[in-house]
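>>> next one to model:
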Amino acid sequence: MAISSNLQGAATLIGDPPSMLLAGFTGMNFNDFFFIGESPSIFFSVQIGAIVSAVVLFLLFKKYDKKMPVLKEEKYFTLIPSIFIAFLVFSLILGSSFEHDIHYMSGIICFAFGIISFVWFVFYRIGEGVKKSLANLDWQTGVFLMGIFILVKSLSVAGLMEDAAELILKVSDKNPFSVYMLIVWVSVFLSAFIDNVPFLVAMLPVAKFITAHMGMNPSLLYFGLLIGASVGGNITPIGASANIVSVGILKKQGYSMRFMEFVRIGLPFTIASVIASSLITWLVFS
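Predicted structure coming up:
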């Protein structure tokens, strides 16, 4: 579930925070992720990658198709969280489909729904008390992500991102296809160990710098970067927020996921989906 959500998160503007960050940086709207002019956009590239990687997942998991444990029936207590999510998705689509002067609209919407949801959660479980409700939150994941943001911003302020752009141009000998593939696969490798949200924040100026020097189609590098950053995080359990959260949930349920156990699933999935998605994106925008 985690690695598939990371791939599909790149398909639409509201699918994942990296997509929102890219849209905010470039001024893209919701529809640009489906079509740019008359050209099919990243949504369709991701679906090709999803088909290819689905075959990989089938081969990895087919040995588990027998003797599945009988799951206990779980009863839901309220539909309110699902209603919140439905309104959140609708608000994000609406807010990103039209031009407006409000910066960070997606962030504002997510923050507002986060506050509303938390207040509801506290009052819904008021019998437990605010202290216990706060203790139930996944603070470990939140603190980890904040630390990653600080680290990446520090590297950017130190000028490492500009150095990275110049290195990519030098290594690729300014060949457009080589530049594109370096952007994609460097993003894949680095985002396997750095959360893809702060990583994308750092790399967007790098892509802009290279685009200005090479005269390439900006959409090509931006979408290549998004594919690499979003899907590359699937390689390790620390590469994406969804991975960190899913491993944290497993840990709370008493199941430990070792680092290499995750890699054995995430690495082949990543290679297959990135190759397919990035090549389709190159054919469309090169």
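
>>> neighbouring contacts of stretch 187-195?
Contacting residues not belonging to stretch 187-195 are listed as 145, 148, 151-152, 199, 203, 224-225, 227-236, 238-241, 244, 270, 274 [Cβ atoms under 8 Å, 6 or more residues apart in numbering]. Glycine gets a C-beta too; all of them are placed from N, C-alpha and C.

>>> next secondary structure after the worst-scoring helix or strand of the chain on mean pLDDT?
Sorted by mean pLDDT, DSSP states H and E, the helices and strands of the chain end with helix 130-135, the least confident at a mean of 70. Remark: after helix 130-135, the chain's next helix or strand is helix 139-157, criterion DSSP states H and E.

>>> pretty sure Glu162 sits against Lys208.
No. At 10.9 Å, Glu162 does not count as touching Lys208 under the criterion of Cβ atoms under 8 Å.

>>> who's more crowded, these two?
A side-by-side neighbour count of Glu162 and Lys208, using other Cβ atoms under 10 Å, places Lys208 first with 16 against 13.

>>> OK, contacts around that one?
25, 218.

>>> switch to 10 Å and redo it
For Lys208, the contacting residues are 25-26, 165, 218, 221-222, by Cβ atoms under 10 Å, 6 or more residues apart in numbering.

>>> out of the residues you listed, who's nearest Gly49?
Proximity of the contacts of Lys208 to Gly49 (Cβ to Cβ) peaks at Tyr222, which lies at 16.7 Å.

>>> which elements pack onto the helix or strand hosting that closest one?
If you go by DSSP H and E, Tyr222 is part of helix 218-232. Secondary-structure packing of helix 218-232 (3 or more Cβ pairs under 10 Å, 6 or more residues apart in numbering; DSSP states H and E): helix 2-9, helix 17-26, helix 42-61, helix 176-191, helix 196-214, helix 259-285.

>>> mind redoing it with 7 Å?
helix 2-9, helix 17-26, helix 176-191, helix 196-214, helix 259-285 (3 or more Cβ pairs under 7 Å, 6 or more residues apart in numbering; DSSP states H and E).

>>> okay, buried residues for that helix please.
Applying a neighbour-count criterion of 16 or more other Cβ atoms under 10 Å, one finds 219-232 buried in helix 218-232.

>>> now do it: everything it contacts.
The contact list for helix 218-232, computed with Cβ atoms under 7 Å, 6 or more residues apart in numbering, reads 6-7, 9-10, 16, 18-19, 22, 26, 36, 42, 180, 183-185, 187-189, 191-192, 196, 199-200, 203, 207, 210-211, 239, 270, 273-274, 277-278, 281-282, 285-286.

>>> those, buried ones only, as a PyMOL selection?
Command for PyMOL, covering only those of the contacts of helix 218-232 found buried under the criterion 16+ other Cβ under 10 Å:
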select buried, resi 6+7+9+10+16+18+19+22+36+42+180+183+184+185+187+188+191+192+196+199+200+203+207+210+211+239+270+273+274+277+278+281+282+285
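
>>> find the helix or strand that Ser106 is a member of.
Per DSSP H and E: Ser106 is located in helix 105-124.

>>> quick one: list the elements packing against that helix.
Using 3+ Cβ pairs under 7 Å, 6+ apart: helix 105-124 touches helix 80-97, helix 130-135.

>>> closest to Ser156 out of the ones you listed?
Among these, if distance is taken as Cβ to Cβ, the winner is helix 80-97, at 25.4 Å.

>>> how far does that closest one sit from its chain's centre?
Distance, stretch centre to chain centre, for helix 80-97: 18 Å (Cα atoms, centre = their mean, to the nearest Å).

>>> dump the residue contacts of Ala10.
16, 19, 42, 46, 226-227, 230-231.

>>> that one and Phe121, how far apart?
Using Cβ to Cβ, to the nearest Å, Ala10 is found at 29 Å from Phe121.

>>> quick check: phi and psi on Leu13?
The phi/psi pair for Leu13 (degrees, to the nearest 10) reads phi -60, psi -30.

>>> pretty sure it contacts Ser96?
Yes. Using Cβ atoms under 7 Å, Leu13 and Ser96 qualify as a contacting pair, with a distance of 4.9 Å.

>>> what residues do those two have in common as contacts?
When contacts are counted by Cβ under 7 Å, 6+ apart, the set common to Leu13 and Ser96 consists of 23, 30.
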